[in-house]
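> got a structure for you, letters missing:
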């Protein structure tokens, strides 16, 4: 009987579904990590499996993306990321170690957000937006990549750099306190939290209408069954008032996107940045 009981215990353990791993390309405690942990708690119930967040920080999400590519397409690994890793990095790095269209498959999106250009006292910072803005206003700007918003903000407040590009939520507190000034935002309309700040379109800078996005990706070859299952679960989670409120408080515009809708937004945003990067004269390195 003891042998039989042990056998049944082993069989039961083997029948348990594997945990779902959510890869995050940024350190614990950051914005993307906080979003992942908020969603993971709800996805656990919606999917009926354990969900773990695994941080693989470095290179703007590039390391986590490479981990996703190397993961088996068995429905146990997804990558929560924003536009930078999917739409921009592959355009500016010669060998990023992955090709989104070839190596990944969208499984659902859940939000957009707005980036802004802020100044402290002079001017360089983080993206191609810097060069385009510099050319528009005859400013001698130099781009300097950062590992995240926190170190960039520290250097801006310490006058080590004089301008930066980041999400509205990154700048909100210090903008209101008068420690820096947000001078323009992406998108087609002004932000309710900063109604006095114009859009780039208003300043005569076209091509910044598409908004950055957040979504989930799985390794290419992942079954349609899992993609559908995850997408349905994500839609359910995003519809929960508490989740929407929590993500909105982080500065996100919450809205579920099907895998196809996420793919469409991704491609449109990638093409927008392809034009911006080409205009800037930047050569992939």
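The structure has been received and is ready for your questions. Remember, it's a predicted structure, so these values are computed and weren't measured experimentally.
> Need the distance between the two termini of stretch 79-99.
The first and final residues of stretch 79-99 sit 14 Å from each other (Cα to Cα, to the nearest Å).
> Do a quick rundown of the helices in the stretch 151-285 of the chain.
Counting by DSSP state H, counting those that start in this stretch, the stretch 151-285 of the chain has these helices, from start to end: 168-176, 224-238, 241-249, 259-280.
> tell me what the second one is packed against?
For helix 224-238, the contact count by 3 or more Cβ pairs under 8 Å, 6 or more residues apart in numbering; DSSP states H and E identifies helix 31-47, strand 104-112, strand 213-219, strand 253-257 as packing neighbours. From N, CA and C alone the C-beta is placed, and that goes for glycine too.
> As JSON lines, those with mean pLDDT and distance to residue 67 would be great.
Conversion of those to JSON lines gives the following (pLDDT from 0 to 100; distance: least, Cβ to Cβ, whole Å):
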{"stretch": "helix 31-47", "mean pLDDT": "95", "distance to residue 67": "14"}
{"stretch": "strand 104-112", "mean pLDDT": "97", "distance to residue 67": "12"}
{"stretch": "strand 213-219", "mean pLDDT": "97", "distance to residue 67": "10"}
{"stretch": "strand 253-257", "mean pLDDT": "95", "distance to residue 67": "23"}
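> Among the ones you listed, which comes closest to residue 72?
With Cβ to Cβ as the criterion, residue 72 lies closest to strand 213-219 of the helices and strands packed on helix 224-238, at 7.0 Å.
> List of residues touching the closest one?
Residues outside strand 213-219 that contact it (Cβ atoms under 8 Å, 6 or more residues apart in numbering) are 22, 32, 35, 68-69, 71-73, 75, 77-83, 86, 100, 103-113, 226-227, 230, 234, 252, 257, 262, 265-266, 269.
> For residue 20, give me phi and psi.
Residue 20 has phi and psi values of phi -90, psi 130 when expressed as degrees, to the nearest 10.
> For the closest residue to residue 225 other than its chain neighbours, give me its contacts.
Closest residue to residue 225 in three dimensions, ignoring its sequence neighbours and counting by Cβ to Cβ, 6 or more residues apart in numbering: residue 75, at 7.9 Å. For residue 75, the contacting residues are 20, 218, 222, 223, 225, 226, 229, 230, by Cβ under 8 Å, 6+ apart.
> Switch those over to JSON lines; also include distance to residue 206.
Supplementary listing: the contacts of residue 75 in JSON lines, determined by distance: Cβ to Cβ, whole Å:
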{"residue": "20", "distance to residue 206": "41"}
{"residue": "218", "distance to residue 206": "35"}
{"residue": "222", "distance to residue 206": "37"}
{"residue": "223", "distance to residue 206": "41"}
{"residue": "225", "distance to residue 206": "43"}
{"residue": "226", "distance to residue 206": "40"}
{"residue": "229", "distance to residue 206": "41"}
{"residue": "230", "distance to residue 206": "36"}
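> and which of these is nearest to residue 119?
Out of these, the one with the shortest distance to residue 119 is residue 218. That distance is 39.6 Å, counting by Cβ to Cβ.
> Count the neighbours of residue 41 for me.
A count of neighbours around residue 41, defined by other Cβ atoms under 10 Å, yields 13.
> cool, residue 190 as well?
In terms of burial, residue 190 registers 16 neighbours under the definition other Cβ under 10 Å.
> mind checking how far it is from residue 197?
With distances taken as Cβ to Cβ, to the nearest Å, residue 190 is found 6 Å from residue 197.
> intersection of neighbour lists for the two?
The overlap between the contact sets of residue 190 and residue 197 (Cβ under 8 Å, 6+ apart) is empty.
> follow-up on the earlier one: in PyMOL, select just the buried ones from the contacts of residue 75.
Selecting just the buried residues from the contacts of residue 75 in PyMOL takes one command, with 16 or more other Cβ atoms under 10 Å as the test:
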select buried, resi 20+218+222+226+229+230
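> Let me see the contact set for the spatially most central residue of the chain.
Geometric centre of the chain, nearest residue: residue 82, 1.7 Å, by Cα atoms, centre = their mean. Residue 82 makes contact with 32, 61, 113, 212, 213, 214, 215, according to Cβ under 8 Å, 6+ apart.
> isn't residue 254 right next to residue 238, touching?
Yes: between residue 254 and residue 238 there is a contact under Cβ atoms under 8 Å: 6.2 Å.
> residues bridging contact with the two, i.e. touching both?
Between them, residue 254 and residue 238 share the neighbouring residues 110, 244, with contact defined by Cβ under 8 Å, 6+ apart.
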